[in-house]
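**Student:** Need a 3D model of the following:
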Amino acid sequence: MRLRILHTTTYRYEPPATSVIQILRMTPGSHDGQYVAEWQIDVSTDTKLDTHEDAFGNVTHVLSCGPVGDIKITAEGLIETHDTGGVLRGADERFPAGMFLRATDLTTVNPAMTTVARQLRSEAESDTLGFLHTLMTQISDHMTFDEDPTNSGTSAAEAFTLKRGVCQDYAHIFIACARSGGVPARFVSGHFLRSDGTVHQDAGHAWAEAYVDGLGWVGFDPANCICTTDAHVRVAIGLDYLGAAPVRGTRYGGGAETLTVAVKVEQAGRGGQSQSQSQRQS
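**Tutor:** Predicted coordinates:
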């Protein structure tokens, strides 16, 4: 499948900020099942983008500028994808899988989550893949997709208690419970082509990858209750959202900050439309 992606992030500062520094994780990489045919990042203000790779191997761009009243960051390109049954191969792995057992503030389990993870792990016995599929189904049944009650700083435990959230919350809960069950898991930010034909989405997408001995990393999308397919474009990974956020940084001076995002994901060669919204990963 050939997917055309346009992801625009706009910041406005009133009055203008004295200076701004942002780290962009908006550039996908190629691996088995995903080939980056075209990709570019443009910034509206006069600035130099320094390209790096972070500790996880994500391609990053560091943006610094100021004083500035507004910044528009546009990432766009063409990605060719193939369905690998959710199994990730050919990616640059910087750490042993066991490192992704490490809990973070956003992926710490509460007692109720621990109970669920232990019960499912016990029932699955040595079937790790079966445990992960059942866990994804249980989370899908437990949660209701709702953009209102959570935000980018909501933890897995808070979302699990609320029983509501967006794709980021579903992924954090899955990661926390998988790690509690002894399975390494990590956060993935990216894009998703919806099956209902809608090309405009509330934000970028997020899901999880879990490590299965003998198989490797497998993608699980708890918000859609499916393993990853050729409809998913993988952009960045991290221990949680903070390590894979598309844009993350700080600014000095200035007044109120307004953030809007426009995301468009469509099959190449087909028409569509875009929509603006606040930054979330859904």
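**Student:** now whichever helix or strand residue 79 is part of: mean pLDDT?
**Tutor:** Applying DSSP states H and E as the criterion places residue 79 in strand 68-81. The pLDDT scores in strand 68-81 average 96.
**Student:** need the next SSE after the strand or helix carrying residue 14, C-terminal direction.
**Tutor:** According to DSSP H and E, residue 14 maps onto strand 2-17. The helix or strand immediately downstream of strand 2-17 is strand 19-27, counting by DSSP H and E.
**Student:** buried stuff in that next one?
**Tutor:** For strand 19-27, burial by neighbour count (16 or more other Cβ atoms under 10 Å) applies to 20, 22-27. No exception for glycine: its C-beta is placed from N, CA and C like everyone else's.
**Student:** same for it, what does it pack against?
**Tutor:** Counting by 3 or more Cβ pairs under 8 Å, 6 or more residues apart in numbering; DSSP states H and E, the packing neighbours recorded for strand 19-27 are strand 2-17, strand 34-43, strand 59-65, strand 68-81, strand 232-238, strand 247-252.
**Student:** Tell me the strands beside the shortest one, with direction?
**Tutor:** Taking DSSP bridges as the criterion, strand 247-252 forms sheet pairs with strand 19-27 (antiparallel).
**Student:** Strand 34-43 and the strand it pairs with, what's the angle between them?
**Tutor:** Strand 19-27 and strand 34-43 are oriented at 160 degrees to each other (axes from the mean of the first three to the mean of the last three Cα atoms, to 10 degrees).
**Student:** Using CSV, write out the CA atom coordinates for strand 19-27.
**Tutor:** Extracted C-alpha coordinates of strand 19-27, given in CSV (Å, rounded to 0.1, in the frame of the first residue of the first chain):
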residue,chain,number,x,y,z
SER,A,19,13.2,31.9,22.0
VAL,A,20,12.0,28.4,21.2
ILE,A,21,13.7,25.0,21.2
GLN,A,22,11.8,21.9,19.9
ILE,A,23,12.8,18.3,19.2
LEU,A,24,10.9,16.8,16.3
ARG,A,25,10.4,13.1,16.0
MET,A,26,8.3,13.3,12.8
THR,A,27,10.5,11.3,10.3
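**Student:** Fine by me, thanks again.
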